[in-house]
Structure formats: C-alpha cells, structure tokens
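K.L.:
Got a predicted structure plus its sequence, pasted below:
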Amino acid sequence: MRAARVVGDWRPAAFGGGRAVGWGPAMDFAPLLADFGRPGAEAAIWFAAFFSFAMLLLVDWALSTLVGPASTAVVGLYVLPWTVIAAARPRALIAGLKEGWPLFLLPIFALLSTAWSGYPSATFKSASEYLLTTFAAVAAASCVRPKTLLSALLAALALVVALSAGVNIARATNVGLFGSKNNFGLAVAMTLPVAWAVAADRRQPGVFRLLGAAAVIGAPPLLLQSDSTGALICSLATATAVCGALALSRLTPVARMGTLALLACAIAMPVVAWLAGGDLDQVLNAVGKDTTLTGRTALWSAAEASIAAHPTLGVGYQAYWQIGSWGAEQLWQISYVANKTGYHFHDTYLEVAVDLGLVGLAIFLATLAAMLVRVARALVFSRIAPESMFAIYVVVLMLLRSPIEVDLFWQFQIATIVFCMAWIYLAAAPARISSWSVSRGRRPLRRVARRDFSRMDQSAWARSQPRTALRLGWLTQVESRDEDERGSR
C-alpha cells in the first residue's frame, strides 16, 4: 500500500489531486492568497507562475505595440504573482536569498552606477528593474518546487512560441511576438531544455510530459523558422553537450572527472590551433554570414573605444544606448535604425564592460565562474535530476551565446530568469549516492523495506539530502523516498 503524501491534496485532477478549485467570478481571493503558504497549494501556484511567465514573454510585444501605461501593467503583472508567493513563503525566500546572494552583486553595482551615469534617471530606472527581475527569479526558484515551476514555464513558452509561429506564417516574417528574430530564436532555444526536463520527469503529470515531448519535436523546425544562426548552432552544440553529460552520469565520480578532463583537452587543442592559424572568413561564409557578422564588427569597435575612454566604472548601466549619446547616435545612423531602440553590442562581455567598466566585468566573470563550479560539481558528484539537466543546459547555452548576443544583462528577459533558476537548482542538485541511517546500521534506501521506513532516524534522512533543497522546503521525507524508489527501478 502506497504511503500517504505528507503535503495536502486539494489540487485538480490534472495536477494529481482530487477536489477541484472554483475559479468562477464570485470566487473569494482572500482564502486563496492565504493558501499560497500551504504546501498543498500547487495548483494555484502553478496558475500564478504560468500567468507570470506568459506576461514576461509578452514584454517585448507590449513595449513595441502598447502605450506606456499598458506596457507597464504587463510588467507589473509579471512581478505581482512572485510578490504574493514570496510573502506567503518567507522561510523559503530567505533560504533562496542566502543561496543566491552572488546573483545580486551585478544588479546592485548597476544601481550604484547611477552616481556616475550621464543619464542617471534612465540608469536608475533600468537598474532597479534589473534588480527586481533578479529578485523575482530567485523568489520563483526558491518558493516553488521545480516540478511545478518548470511545467508552468513550459506551458507559457509553448503558448507564446506557438502564437509567434502562427504570426510568422500569417505575416511572412520571423520575429513573432518578440520584436526580433534573435529574441524569437532565443525563446525557442529556451523551450527545448524546459520541454526536455519536463518530458523526462516521471513526477510530472502525463499531460505535461506529452506537451514536453511535443515541444522537443517542434523546437528544431521553429529554430529554422527564426532564421537565427546563433540560436540554431548554439542549441545544437548544447544539446550534444547535455547528452554527453547524461552519459557521464552512469559513471563513478572518479571516472566522470577523468572523462571531463580528457574532453576539455580534446576540445581545447583544436580551438587553440584554429585561433593560431584559422580563417574566420571561411567559417562565416560556410554558415551564410558576411565577414562583418551583420555589422557587429563595427559595434565591437565602438564598444572597445568606449571601454578605453571609461575603463574602470564604465558609462553607467544602459547609459550608452540613450538618445543624445554621441556613440549610440552614430551607430544608429550608420545602421539605419530610425526608432533608436532595441540595440546592443552583440557581445555580453563588451556590453558589461561598456556599462560598468572592468569592475563590473570582473563581477560578471566571477559570477560565471561560480556557476561553472556548480555545473562541474553537479556533473561529477550529483545524480542528474530533470531540474539539474535543465540547469546545465541553460548554463552551457548562455555561455555559448555570450560572445555573440547579450542575454544575461537585461531586465524582464527570460534568459535572466532561467539563469537564476539554474543557480538555485544546481545548489540543490541531489546526491548521486545517498546512504540512510536506520536504527540498526546504514543501508541504501532501495534495500530498506517499507515497514522499516517509519523507524528511520530523521537526522540521518536530513543528512542524506541537499541542504539547499531542505531549506527551500522542496522535499518531504515520504516524497524523497518515493523519488529514490522510482529511480532504482
């Protein structure tokens, strides 16, 4: 007989529960908001997360098509659900903030750059939004279980990407609802790891696993439709790398470490050899790109000139691309950008150095280095759970895109959100081999009979789980037992 779940079970049938929730117009929202703090409120939290992610994905469309107050309302509707959920689950939020504090260093420094920015009001507004976006992302990853959050993100991505694909077909374009082909390509590229993680997660309801499988199949054709070479190549390389990581997960930690070292050497040697004598023009022509990378070389030259003029602290967060800025005006003119919006240097490191100088770049690189350490630790010592696979995929994809795009340095953008989610998920990566103390010695859980489970030492159970997952309240003892049993079958 299956042990009863520790959490409550008032969820609709699609979420594995029994009693449905009334969503009629006369519904009293006060009990619902109060119920956000209870562990069994997964259905309400799922709908809130889905709504928030959908609003986030529509920010670009809202800013380009709606008037000021309406677009601000869309942004507010993205932030509001996380404010409510975080207020209802303060302990999980505090644990997440303690774990994710390095993610706030760059937004805080961006906010401080208001002091030396040539456009202080614009810098203060953008940096405040960047800080708010980071807070909302950490709150989402900390206060909502990965199973719930990833399925909500998948549903929102699938909906908005499908609508964008329809718009592309109807209007013979490739930008969808995202304003540019690169943003549309990024949304499709982000759909792939989320769908992959949901489809591979046995804890997910069948409807979400089917949606994930369909999204995995549909993502490659949509990447081709976006005509974004960077998104297509980076997605292919990332998927290959993650498949290799999944193969590594079957090895012992020592074998994993040795294999990773050999792979690093095998990749580094041809890269160094190509950098010494390779021909970039031939590579660009092979993938259908001109030798200026669609004008990006001019952007990079302008960025280097700005860094040379303001090397230490930069010009201020998002102060370069402002109307009246001489360098930006010149680039807009030669690129025939009449509306003077939506432009950047197409290089994350140059963008950070221009805005925040070498100090900001050092903070950014330190954050990336810490993230890579978490990825390496998960690859060597952890069992690759679906959320860990999602996190590794996101980190690799963002790193591959960083020299050609600016994904991780913006407010209210999906890349910033999933990067913060990856940070929290890698911190809570499950141990590959967990030993459980029973009252009469240590034995692996899979060998413990159900009748022995009630006699297990609670402190031993806590020691076998990732500390971050316990602090965030993702796991209960019964749920963890069920997951380990499913993994052993």
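P.N.:
Okay, I see it.
K.L.:
From the contact counts, what lies against the one helix or strand Phe184 maps to?
P.N.:
Assigned by DSSP states H and E, Phe184 belongs to helix 181-200. Other helices and strands packing on helix 181-200, by 3 or more Cβ pairs under 8 Å, 6 or more residues apart in numbering; DSSP states H and E, are helix 146-171, helix 206-226, helix 229-248, helix 386-401, helix 414-427. For the C-beta atoms, the positions are set from N, CA and C on the backbone; glycine is no exception.
K.L.:
comparing those, which gets the lowest mean pLDDT score?
P.N.:
Mean pLDDT is lowest for helix 229-248 among the helices and strands packed on helix 181-200, at a mean of 86.
K.L.:
relative to helix 386-401, how tilted is that one?
P.N.:
Relative orientation of helix 229-248 versus helix 386-401 (axes from the mean of the first three to the mean of the last three Cα atoms, to 10 degrees): 140 degrees.
K.L.:
What residues sit buried inside helix 229-248?
P.N.:
Within helix 229-248, the residues that count as buried by 16 or more other Cβ atoms under 10 Å are Thr229, Gly230, Ala231, Leu232, Cys234, Ser235, Thr238, Ala239, Ala241, Val242, Ala245, Leu248.
K.L.:
And for stretch 73-93?
P.N.:
Of the residues in stretch 73-93, those buried under the neighbour-count criterion (16+ other Cβ under 10 Å) are 74-75, 77-79, 81-82, 84-86, 88-89, 92-93.
K.L.:
could you dump it to PDB, C-alpha only?
P.N.:
Only the C-alpha atoms of stretch 73-93 are listed here, as PDB (Å, rounded to 0.1, in the frame of the first residue of the first chain):
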ATOM      1  CA  ALA A  73       0.900  47.000 -16.500                       C
ATOM      2  CA  VAL A  74       2.200  43.900 -18.300                       C
ATOM      3  CA  VAL A  75       5.500  44.200 -16.400                       C
ATOM      4  CA  GLY A  76       3.600  44.600 -13.200                       C
ATOM      5  CA  LEU A  77       1.500  41.500 -13.800                       C
ATOM      6  CA  TYR A  78       4.800  39.600 -14.200                       C
ATOM      7  CA  VAL A  79       6.100  40.700 -10.800                       C
ATOM      8  CA  LEU A  80       2.900  40.600  -8.800                       C
ATOM      9  CA  PRO A  81       2.500  36.700  -8.500                       C
ATOM     10  CA  TRP A  82       6.000  36.300  -7.200                       C
ATOM     11  CA  THR A  83       5.500  39.100  -4.600                       C
ATOM     12  CA  VAL A  84       2.500  37.200  -3.300                       C
ATOM     13  CA  ILE A  85       4.100  33.800  -3.300                       C
ATOM     14  CA  ALA A  86       7.300  35.100  -1.700                       C
ATOM     15  CA  ALA A  87       5.300  36.900   1.000                       C
ATOM     16  CA  ALA A  88       3.400  33.700   1.800                       C
ATOM     17  CA  ARG A  89       6.600  31.600   1.900                       C
ATOM     18  CA  PRO A  90       9.100  33.800   3.700                       C
ATOM     19  CA  ARG A  91      11.300  31.000   5.000                       C
ATOM     20  CA  ALA A  92      11.900  29.500   1.500                       C
ATOM     21  CA  LEU A  93      12.500  33.100   0.200                       C
END
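K.L.:
Provide the secondary structure category for Tyr317.
P.N.:
Assigned with DSSP: H, G, I helix; E, B strand; the rest coil, Tyr317 falls in the coil class.
K.L.:
Am I right that it is in contact with Leu356?
P.N.:
Yes: taking Cβ atoms under 8 Å as the definition, Tyr317 is a contact partner of Leu356 at 6.5 Å.
K.L.:
Need the residues touching each of the two.
P.N.:
Common contacts of Tyr317 and Leu356 (Cβ atoms under 8 Å, 6 or more residues apart in numbering): Ala110, Ser113.
K.L.:
So between those two, which is more surrounded?
P.N.:
A side-by-side neighbour count of Tyr317 and Leu356, using other Cβ atoms under 10 Å, places Tyr317 first with 30 against 27.
K.L.:
Looking at the more buried one now. What's its pLDDT?
P.N.:
Predicted confidence (pLDDT) for Tyr317: 96.
K.L.:
what's the distance between it and Gly327?
P.N.:
16 Å (Cβ to Cβ, to the nearest Å).
K.L.:
same deal with Thr83?
P.N.:
In terms of Cβ to Cβ, Thr83 sits 37 Å off from Gly327.
K.L.:
Then Trp101?
P.N.:
Counting by Cβ to Cβ, the gap from Trp101 to Gly327 is 34 Å.
K.L.:
Tell me which of these two has more neighbours.
P.N.:
Ranked by neighbour count (other Cβ under 10 Å), Trp101 and Gly327 place Gly327 first, with 16 against 10.
K.L.:
So that one: helix, strand or coil?
P.N.:
Per three-state DSSP, the secondary structure class of Gly327 is helix.
K.L.:
how far away is it from Val354?
P.N.:
9 Å.
K.L.:
Which neighbours do these two have in common?
P.N.:
With Cβ under 8 Å, 6+ apart as the test, Gly327 and Val354 both reach Ser306, Tyr320.
K.L.:
Give me the spatial nearest neighbour of Gly316, chain neighbours excluded.
P.N.:
Spatial nearest neighbour of Gly316, excluding adjacent residues (Cβ to Cβ, 6 or more residues apart in numbering): Ser117 at 2.6 Å.
K.L.:
residue contacts, the one you found?
P.N.:
Thr123, Val315, Gly316, Tyr317, Ala319.
K.L.:
what's it sitting at in phi/psi?
P.N.:
phi -70, psi 140 (degrees, to the nearest 10).
K.L.:
how far away is it from Leu358?
P.N.:
17 Å.
K.L.:
same check, this time on Gln225
P.N.:
Distance from Gln225 to Leu358, by Cβ to Cβ: 40 Å.
K.L.:
Which one of the two is surrounded by more residues?
P.N.:
Using other Cβ under 10 Å, the more surrounded residue of Gln225 and Leu358 is Gln225, with 19 against 15.
K.L.:
which residues does Gln225 contact?
P.N.:
Ala165, Asn168, Asn174.
K.L.:
residues contacting the last one?
P.N.:
Put plainly, it is Asn174. Asn168, Lys181, Phe184, Gln225, Ser226, Asp227.
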